[in-house]
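Peer 1: Provide a 3D model corresponding to the input given below.
(one chain, ligands or ions: 1)
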Amino acid sequence: MGVYGIDLGTTNSAIARIDADGRPEVMIGMNGEPTIPSVVLFASAFDHLVGEGARRQARLDPEHVCALVKRRMGDAEWRFAAHGTTWSAPAVSALILKSLAADVEFGGGEPVGRAVITVPAYFGDEERRATIQAGTYAGFDVAGVLSEPIAAALSYGFGRLDGSVDVGKSDARETVLVYDLGGGTFDATVIELADRRISVLAVEGDHQLGGADWDERIALYLSQQFCAANPDAEDPLDDSAGSQMLVLAAEQAKRELSEAERTEVVIAHDGARAVVPLTRAEVESMTASLMRRTVDLTRDCLAAAAKRGVASVDRLLLVGGSSRMPMVERELRKEFGLDGELRDPDLSVARGAALYGEKLEMERLILADLMTRGRLRDGSPLREAAPADLEQSVARVAASFGQPVGLVRRMVEIQVDTVVSRGFGVLALNSQYGLAAAWLVHRNQTLPVRVRRSFGTVREDQDQIELTVVEQQGQAASMRPEDTKVLIEGRIRGIPPGYPADSEVRVTFEMGFDGVLHVTAHHVDADMPLTLSAQTGATLSQADVARELDQVQRTRRRTG
Ligand code: AMP
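Peer 2: Just a heads-up that it's a prediction; the model follows:
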């Protein structure tokens, strides 16, 4: 029993679970580290290497090394080609997940069966589905996907929302801004902790912004300095091994400059050599626009939270490895007057995921317990249980798993409210604008959502209805179809004649805490449901899935 929590990161990944005392514990991998680089080396057609080894080999064999795959999640067209085979983003990610799972077993842990996997808050439906797919390829039962900032807030807030907090008091309420700058992604989130609830009030983020962009800027500077010192040598950025080497050196220098004011980078390439001095101030100046972009997005996030009644923020949590750069804390203090707290920037997401997994597991057990005893109807949510029944069930579950009752109660009581990261709607004919997007679910709306909207058929005896489900692109929900992304297309075919124009077609959108969308539609009078299928190319075909699953299972993991 037990659910593992996995931070499937752009640059690094980690896996955690709840220990016997109810505390989230990050598993140490075979390399002796709590995180592994999210890098896969396809060593041959039959085997692969994940983690630090793959990252180091990147220099010698760049064509066969896949890094930053998370940026490709949800891109159905993208493939990594190696040794005559292609790999989708979920398939590459599955190898990282399998490697984490293998490390757990190597360390004597229980095999990974169920897992919660985290995703950036702004991941849309396709990216979330791709993440679930990765988990399925790895052989996990994916208990849920959880937004990274919520996971970070959960691991931070769990200790604060315990029995010691008097929920009746106003000071039990706390608003937290989570600034999460990882290797390849940036997220700003405003979260409220109150009344044993963790609520996400606003999210902002950039898929393509992270520490790797800092590395690139520094690498560019290093190459310029190298070329100036060695006019006859080839630019290291002109070949892939050279640029890999330069980016690794840049990343190393960046880390050093989080501690020291200056460092030196030795570059050897094409038979030439240069020693480039580098100061923290220089790096800060060449990456100022990147930093500014995170500040701007943070400001947008605060503005969105303000619209939901957040007048001020009590705390600033700094998450993600890149938050270690001194410029982050300094600029945020200057801009927002908040002192950032750097807590466990690499591991808090995995810990929060483990906490959430445990919560889901406890709820599942209590639900099953109450149903078997006839205290709750099949299919009813836990909140409908009578308080006395719930308390008894909590005690039973706690006893059977040797957990403190208070802990199990707290797990069940804490509510996690999250918001929709993008709007979802349908394309419908609009008398004024022609074909336009009608938004049923709005960005920053609280999850779970269940929205129903009725549309009318266009003409009499209409024998077919087409439904196009779209997702918002960009910050604002535009009505123009070209500004939207088509997610799913569906049809009701063969509607018998006899129904007038404007016959009711009822569309229902449902989205659970995982942010994955479920759509149903219904021609009410004809009592005909709609069959929905993902847009061609938007997801993998069944044959692709079977082939990739086989591929993921067959490739052997090298461990050295
Ligand atoms: P994460 O995705 O949260 O694991 O963050 C990884 C990113 O954090 C990478 O871009 C690292 O280069 C960066 N990082 C880790 N440690 C440091 C440090 N001490 N100073 C600056 N950046 C760091």
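Peer 1: alpha carbons only for contacts and neighbour counts from here, please
Peer 2: Fine.
Peer 1: for this protein, just list every one of the helices.
Peer 2: All helices of the chain, identified by DSSP state H, fall at 52-57, 89-106, 125-137, 148-157, 211-229, 240-259, 280-286, 288-307, 326-336, 348-372, 387-400, 405-413, 542-554.
Peer 1: CA-only coordinates of stretch 180-187, as PDB, when you get a sec.
Peer 2: Taking C-alpha atoms only, stretch 180-187 is exported to PDB below (Å, rounded to 0.1, in the frame of the first residue of the first chain):
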ATOM      1  CA  ASP A 180       9.200  28.500  -8.900                       C
ATOM      2  CA  LEU A 181      12.100  28.900 -11.200                       C
ATOM      3  CA  GLY A 182      13.300  25.400 -12.300                       C
ATOM      4  CA  GLY A 183      15.600  24.300 -15.000                       C
ATOM      5  CA  GLY A 184      13.200  24.800 -17.900                       C
ATOM      6  CA  THR A 185      10.000  26.200 -16.600                       C
ATOM      7  CA  PHE A 186       8.800  29.100 -14.500                       C
ATOM      8  CA  ASP A 187       5.600  29.300 -12.400                       C
END
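Peer 1: contacts for it, please.
Peer 2: For stretch 180-187, the external contacting residues (CA atoms under 8 Å, 6 or more residues apart in numbering) are 10-12, 68, 71, 120-122, 149, 178-179, 188, 203-213, 294, 318-323.
Peer 1: near the ligand, list only the ones from those.
Peer 2: Filtering the contacts of stretch 180-187 for proximity to the ligand by CA under 6 Å from any ligand atom leaves T10, T11, N12, G211, A212, G320, G321, S322.
Peer 1: neighbours of the last one, how many?
Peer 2: What it means is S322. 25 (other CA atoms under 10 Å).
Peer 1: would you check that D125 makes contact with L517?
Peer 2: Yes - D125 lies in contact with L517 (CA atoms under 8 Å); the separation is 6.4 Å.
Peer 1: which residue sits closest to the residue of the chain most remote from its centre, ignoring its sequence neighbours?
Peer 2: Going by CA atoms, centre = their mean, the residue of the chain most distant from its centre is G498, 48.1 Å out. Once flanking residues are discounted, G498 sits nearest to D461: 5.6 Å by CA to CA, 6 or more residues apart in numbering.
Peer 1: mind checking how far the one you found is from the ligand?
Peer 2: 56 Å (CA to the nearest ligand atom, to the nearest Å).
Peer 1: ok, back up a step: the contacts of stretch 180-187, buried ones only, as a PyMOL selection?
Peer 2: Listed next is the PyMOL selection for buried residues among the contacts of stretch 180-187, using 16 or more other CA atoms under 10 Å:
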select buried, resi 10+11+12+68+71+120+121+122+149+178+179+188+203+204+205+206+207+209+210+211+212+213+294+318+319+320+321+322+323
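Peer 1: among the contacts of stretch 180-187, name the ones in strands.
Peer 2: Judged by DSSP state E, strands contain the following of those: N12, V178, Y179, A188, V203, E204, G205, D206, L318, V319.
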